[in-house]
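Q: build me a structure from this.
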Amino acid sequence: MDISSTVEIGGYQLECCPMTVADIPRLHELSVSVSWPHRADDWAMALALGRGWVARDPIGRVLGSAMWFPLSEDVASVGMVITSPKLQENGTGRWLMGRILSETAGRARVLNATKEAYRLYVSLGFRTLAEVSQMNGIITACPDFPCHARPMRPEDRAAILALDEAAMGLSRRAVIETVLALSEGLVIERAGRIEGFSLMRPFGRGRVIGPIVALDEADALALTGPFVAAHPGAFLRVDTREPQGAYRDFLTAAGMTRYDTVLRMALEALPEPAGPARTFGLVNQALG
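A: Here you go, the predicted structure:
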């Protein structure tokens with residue numbers, strides 16, 4: 001693939017430059033231009049956890065971005081792939097992905113594809129694994145939910161890291177430790193053993209609940225319901241791979257409707273989760 005440092009696309013001379021903290025204001029402008037909800041702080045978290053490239057024109061405008069995140073030594077998540085509306089369909093995304101795929105060679109690559117980028121990823125060899133529903137909205141009600149979760153405590157940290165690793169099939173310690181520092185949390189404890197957890201933090205237009213790791217829908221509801229009950233009139237979001245069922249019905253009844261969908265895709269085989277708990281809610285679409 002093309003990994004040249006400069007290219008002419010759509011009449012623009014573009015240079016592929018390493019992404020830095022100084023780019024955050026322009027990256028925020030770029031994400032706003034395609035109606036993504038990310039705040040400057042959300043970009044800052046992404047930069048703290050990953051590495052990226054920007055497509056910059058001669059007067060310093062950022063017209064494209066792409067990032068990858070080392071989830072483990074063997075797996076990389078690709079995300080924050082954005083092309084300015086001026087250059088969509090002109091090859092900017094493919095050019096940036098060439099750099100990302102070159103840097104991540106030797107790792108299994110996974111991503112969540114928007115409708116706009118799906119054809120690009122298929123052409124690069126990615127295969128579809130699952131649909132992810134972006135559920136969000138203003139909380140207008142709080143349906144009944146099981147009440148067997150408790151607030152997270154500092155001593156729960158090791159168990160939370162272990163549960164996430166079992167549900168993902170890999171250790172993404174840096175991701176979870178970063179999210180823990182920004183979040184409120186709930187856990188489910190049975191006979192002294194932590195069997196589920198959820199985290200909620202500021203993101204985009206309001207707050208996102210995720211990750212959510214639980215044994216079943218009842219536990220997932222217990223780990224989501226208290227956050228919903230505590231935030232009437234607030235904007236909440238959950239990104240979930242769960243199909244229609246009790247969990248999705250709860251989110252919808254609370255006011256979080258399906259705003260959009262993306263497709264989880266992989267270029268190589270991914271590690272198998274150890275279970276028995278599974279991921280009901282993502283950290284975000286870039287980090288899984």
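
Q: now the helices for the stretch 1-150 of the chain?
A: Using DSSP state H, counting those that start in this stretch, the helices of the stretch 1-150 of the chain run over 24-33, 40-49, 92-103, 118-123.

Q: most tightly surrounded among these?
A: helix 92-103 (a mean of 20; mean count of other C-beta atoms under 10 Å). Every C-beta, even on glycine, is put in place using the N, C-alpha and C of the backbone.

Q: so how far is that helix off the chain centroid?
A: From the chain centre to the centre of helix 92-103 is a distance of 19 Å (C-alpha atoms, centre = their mean, to the nearest Å).

Q: run through who's touching it.
A: For helix 92-103, the external contacting residues (C-beta atoms under 8 Å, 6 or more residues apart in numbering) are 1-4, 7, 9-10, 14, 16, 51, 53, 55, 63-68, 78, 81, 83-84, 109, 117, 120, 123-124, 267.

Q: among those, which ones are in strands?
A: In strands, defined here by DSSP state E, the members of the contacts of helix 92-103 are 7, 9, 14, 16, 51, 53, 55, 63-68, 78, 81, 83, 109.

Q: these, buried ones only, as a PyMOL selection?
A: A single PyMOL command selects the buried members of those (16 or more other C-beta atoms under 10 Å):
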select buried, resi 7+9+14+16+51+53+55+63+64+65+66+67+68+78+81+83+109
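
Q: please verify my assumption that residue 141 contacts residue 251.
A: No. Look at residue 141 against residue 251 with C-beta atoms under 8 Å: they stay out of range, at 11.1 Å.

Q: of those two, which one has the most company?
A: Neighbour count, other C-beta atoms under 10 Å: between residue 141 and residue 251, residue 251 has more, with 26 against 10.

Q: element containing the more buried one?
A: Using DSSP states H and E, residue 251 sits in helix 246-254.

Q: pull out the buried residues from that helix.
A: For helix 246-254, by 16+ other C-beta under 10 Å, it's 247, 248, 250, 251, 254.

Q: ok, and the closest non-adjacent residue to the fourth one?
A: Right, the one you point to is residue 251. residue 135 (4.7 Å; C-beta to C-beta, 6 or more residues apart in numbering).

Q: could you do the first one as well?
A: For residue 247, the nearest residue in space outside its immediate sequence neighbours is residue 217; the separation is 4.8 Å by C-beta to C-beta, 6+ apart.
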